[in-house]
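K.L.:
no FASTA, just this:
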C-alpha cells in the first residue's frame, strides 16, 4: 500500500513538472487572467462550469473571486453555474442534462463576459454546448481540459490543456492553475501595490 502512495504522488509530481515547464501554457493562463480582469473592469463577469470534480473546482474558484485569495480587496464578479439545484433539475428535467450550462449562459451571460469551462476529457457535452452558446453571444471563452483538449479545444478562445490522460492528475493541475488565474486577475485588476499603504512617519 505504501508503494501505491509513492507511485501516485510521483505521478502527480510528474504531471505538475510538465505543466511547470510549459511556458506557452503559462502564457495562456496569463492571457486568460488579463481578459477576465478587463471584462470585470468593464462591468462584466466570469461564469464557470464543469461536472463532478470539475463542478467542485468551479465553485472553489468562484469562492476565491467573490471572497478573496491573496489580498484583501473588493469582491470580484463570478458565478458558478453548478450550484442552483432548482435550475439544474428544471433544465435537466424539461430539456436534458446536456443543456444545464447552455441555458444559464443564455440567461446570465452578456457580451464581453468570460466563460470558463472545465472538463478533464474536453468532451463534456454540456460544456461544449455552453461554449457554443457563449460564442453566439460574444462571450469570451476559456477551456481547462486534459488529453488533447477534446471537442472543447476548437470552441474556446484560450485553451489550458494539461498534458495527461489521468483524470486525477489533470484535476490537480487544474486546481493549481485556477488559483494562479485568480491571483493574476487580482494583480491585473487592482495592481501589484493594492493594499500596501505607505508607512506614516512617527510624530
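P.N.:
In hand now; what should we look at? Keep in mind the model is a prediction, meaning the values are calculated, not measured.

K.L.:
give me every residue that touches residue 142.
P.N.:
For residue 142, the contacting residues are 32, 35-36, 114-117, 156-160, by Cβ atoms under 8 Å, 6 or more residues apart in numbering. In this view, the C-beta of every residue, glycine as well, is placed from N, C-alpha and C.

K.L.:
what strand or helix carries the residue nearest the centre of the chain?
P.N.:
In the chain, the C-alpha nearest the mean C-alpha coordinate belongs to residue 116, at 4.7 Å (Cα atoms, centre = their mean). Taking DSSP states H and E as the definition, one finds residue 116 inside strand 114-118.

K.L.:
how about residues contacting that strand?
P.N.:
Here strand 114-118 makes contact (Cβ under 8 Å, 6+ apart) with 32, 35-36, 39, 44-50, 54, 57-58, 61, 101, 105, 109, 124, 127, 130-131, 134, 139-145, 152, 156, 174.

K.L.:
likewise for stretch 8-19?
P.N.:
Applying Cβ under 8 Å, 6+ apart, the contact partners of stretch 8-19 are 25, 162-164, 166, 168-170, 172-173, 176-177.

K.L.:
ok so, going back, what helices and strands are in contact with the helix or strand just after the strand holding residue 116?
P.N.:
Next along the chain after strand 114-118, taking DSSP H and E as the criterion, comes helix 125-136. Contact here means 3 or more Cβ pairs under 8 Å, 6 or more residues apart in numbering; DSSP states H and E; on that basis helix 125-136 packs against strand 46-50, helix 102-108, strand 114-118, strand 140-145.
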